[in-house]
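1. fold the following and give me the result.
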Amino acid sequence: MKTLPLLMSLLLSVAPAHATEGATPLRDRLQARHEAIARAFLAEDVEALARHYDGDAMLMPEHGTARSGAGAIADYYRQWFAAADASAFQRTPYEVLDLGDHAIETGSFTQTFTRTGAAPYEYVGKYMVLWDLRGDAPRIVSELWGANAPFDRAALPAIPPAPPVTAQPFENDPQVAREIRARNALIDTLVTERRGDEHADLFLPDAIYLTYYTPPLVGIAPIRAYFLEHEQPGELTIEALELDAARIHPLAGGELQLEEGFYRVDWQAGGDRGTVTGKSLNLWKRSADGVWMLYRQAVNHD
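-> Down below sits the predicted model:
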């Protein structure tokens with residue numbers, strides 16, 4: 001049967017820090033949803049699969065442009081079904097944050113699939129999902145995934161880019177919007193000036209960072225080590241950096257804010273130069289002194 005990375009059947013478990021006695025209602029509801037997603041994949045039923053997403057959901061695939069809306073997401077899956085056959089897939093949740101009307105799920109995946117005319121390929125990585133828990137069954141609002149190690153993007157099916165997702169203004173509290181814009185402006189400066197240690201200071205001590213081509217970084221120590229290595233001054237220079245947001249989702253009564261982000265980076269290294277574009281899910285949480293900090297973040301390249 002044909003299938004896609006990241007959304008096959010799985011057993012959902014809540015990380016120990018969030019566990020309660022017995023199966024929680026959230027766990028039961030998500031488990032039922034994942035089983036229904038698996039049935040849709042096995043049947044290659046694109047319409048049934050699309051119904052597992054909000055009507056205006058955001059899909060952020062690795063080495064692919066974002067898809068916004070159930071119709072565009074269905075088209076993405078249809079192209080995957082036409083181009084690849086999966087022979088194995090395992091998805092292992094690391095954490096589920098129960099936020100009342102919503103949940104944030106992070107975890108890891110392994111999939112073996114075969115493109116037409118190619119050898120089987122094992123795709124290993126991590127993911128982040130925002131679920132809407134209202135209504136009869138949970139629905140995916142935002143989803144992003146990426147590999148745990150560098151790989152040739154030609155291993156993935158080549159799917160034509162979708163039209164760019166239009167950046168939208170923040171729709172929540174104006175003061176919150178100003179504060180998050182200011183944090184993004186600071187990130188712009190720190191990345192451009194290669195100040196990795198200060199970039200790491202924008203993460204909470206218990207943050208989780210799902211970055212490019214590495215396993216999940218859990219806690220501030222590995223996050224800081226990553227930025228010290230990857231954003232140190234050297235031959236690479238950033239000529240321009242643009243950070244935009246498609247939407248922001250106030251969660252848990254506004255205590256958390258999930259930003260759907262997009263970036264464009266113009267870089268130069270020696271005689272080489274280029275442009276990199278990509279996407280991010282940024283879960284912001286206030287620190288004890290009231291400053292918005294990165295609590296969970298996932299990023300990937302287009």
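
2. which residue lies farthest from the center of the protein?
-> For the chain, the largest distance from the centre (C-alpha atoms, centre = their mean) belongs to residue 271, which lies 32.4 Å off.

3. could you measure that one against residue 235, distance?
-> 10 Å (C-beta to C-beta, to the nearest Å). The way it works is simple: take the backbone N, C-alpha and C, and place the C-beta from them, glycine included.

4. sorry, back to before: now the residue farthest from the centre of the chain: how far from residue 236?
-> 12 Å.

5. just checking, what packs against the helix or strand harbouring residue 106?
-> Under the criterion of DSSP states H and E, residue 106 resides in strand 102-115. Using 3 or more C-beta pairs under 8 Å, 6 or more residues apart in numbering; DSSP states H and E, the elements in contact with strand 102-115 are helix 25-42, strand 84-98, strand 121-132, strand 236-251, strand 292-301.

6. before we move on, back to that, got a list of what the residue farthest from the centre of the chain touches?
-> By C-beta atoms under 8 Å, 6 or more residues apart in numbering, the contact set of residue 271 is empty.

7. now it, what are its backbone angles?
-> Taking degrees, to the nearest 10, you get phi -90, psi 0 for the backbone angles of residue 271.

8. save the helices and strands packed on strand 102-115 as TSV, and put in distance to residue 212 and mean neighbour count too.
-> Putting the helices and strands packed on strand 102-115 into TSV (distance: least, C-beta to C-beta, whole Å; neighbours: other C-beta atoms under 10 Å) gives the following:
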stretch	distance to residue 212	mean neighbour count
helix 25-42	26	17
strand 84-98	18	18
strand 121-132	10	22
strand 236-251	14	17
strand 292-301	6	21
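
9. residue 162 is nearest to which of the ones you listed?
-> Closest to residue 162 of the helices and strands packed on strand 102-115, according to C-beta to C-beta: strand 236-251, at 12.7 Å.

10. strand partners (parallel or antiparallel) of that closest one?
-> Strand pairing for strand 236-251, using DSSP bridges, gives strand 256-269 (antiparallel).

11. tell me what angle the strand it pairs with forms with strand 292-301.
-> 50 degrees (axes from the mean of the first three to the mean of the last three C-alpha atoms, to 10 degrees).

12. can you name the element that comes right after strand 256-269?
-> By DSSP H and E, the next helix or strand past strand 256-269 is strand 272-286.

13. same for that following strand, what does it pack against?
-> strand 139-147, strand 256-269, strand 292-301.

14. let's see that with 6 Å instead.
-> strand 256-269, strand 292-301 (3 or more C-beta pairs under 6 Å, 6 or more residues apart in numbering; DSSP states H and E).

15. pull the residues that contact the longest one.
-> This points to strand 256-269. Contacts to strand 256-269, defined as C-beta atoms under 6 Å, 6 or more residues apart in numbering, come from residues 58, 130, 142, 235-251, 275-280, 282-285.

16. per the record, what domains does the protein have?
-> By the assignment in automatic domain parsing, the chain contains the domains 16-155, 174-301.

17. lowest-confidence stretch among those?
-> Looking at the domains of the chain, the lowest mean pLDDT belongs to domain 16-155 (a mean of 86).

18. can you pull up the most central residue in this structure?
-> Centre-most residue of the chain, counting by C-alpha atoms, centre = their mean: residue 144, 2.7 Å.

19. so it makes contact with residue 61?
-> No. When contacts are counted by C-beta atoms under 6 Å, residue 144 is not listed as touching residue 61 (8.0 Å).

20. follow-up on the earlier one: got the angle for the strand holding residue 106 vs strand 139-147?
-> Using the same axes, to 10 degrees: strand 102-115 against strand 139-147 is 50 degrees.

21. export strand 102-115 as CSV, just CAs?
-> Once non-C-alpha atoms are left out, strand 102-115 reads as follows in CSV (Å, rounded to 0.1, in the frame of the first residue of the first chain):
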residue,chain,number,x,y,z
HIS,A,102,-5.7,22.2,22.1
ALA,A,103,-2.6,19.9,22.5
ILE,A,104,1.0,20.2,21.3
GLU,A,105,2.6,16.8,20.4
THR,A,106,6.3,16.2,19.7
GLY,A,107,7.9,12.9,18.8
SER,A,108,10.1,10.9,16.5
PHE,A,109,9.4,8.8,13.4
THR,A,110,11.0,6.1,11.2
GLN,A,111,9.7,5.2,7.8
THR,A,112,10.9,3.0,5.0
PHE,A,113,9.5,3.9,1.6
THR,A,114,10.3,3.3,-2.0
ARG,A,115,10.0,5.8,-4.8
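
22. export the helices and strands packed on strand 272-286 to TSV and tack on distance to residue 95?
-> As requested, those are exported to TSV (distance: least, C-beta to C-beta, whole Å):
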stretch	distance to residue 95
strand 256-269	14
strand 292-301	8
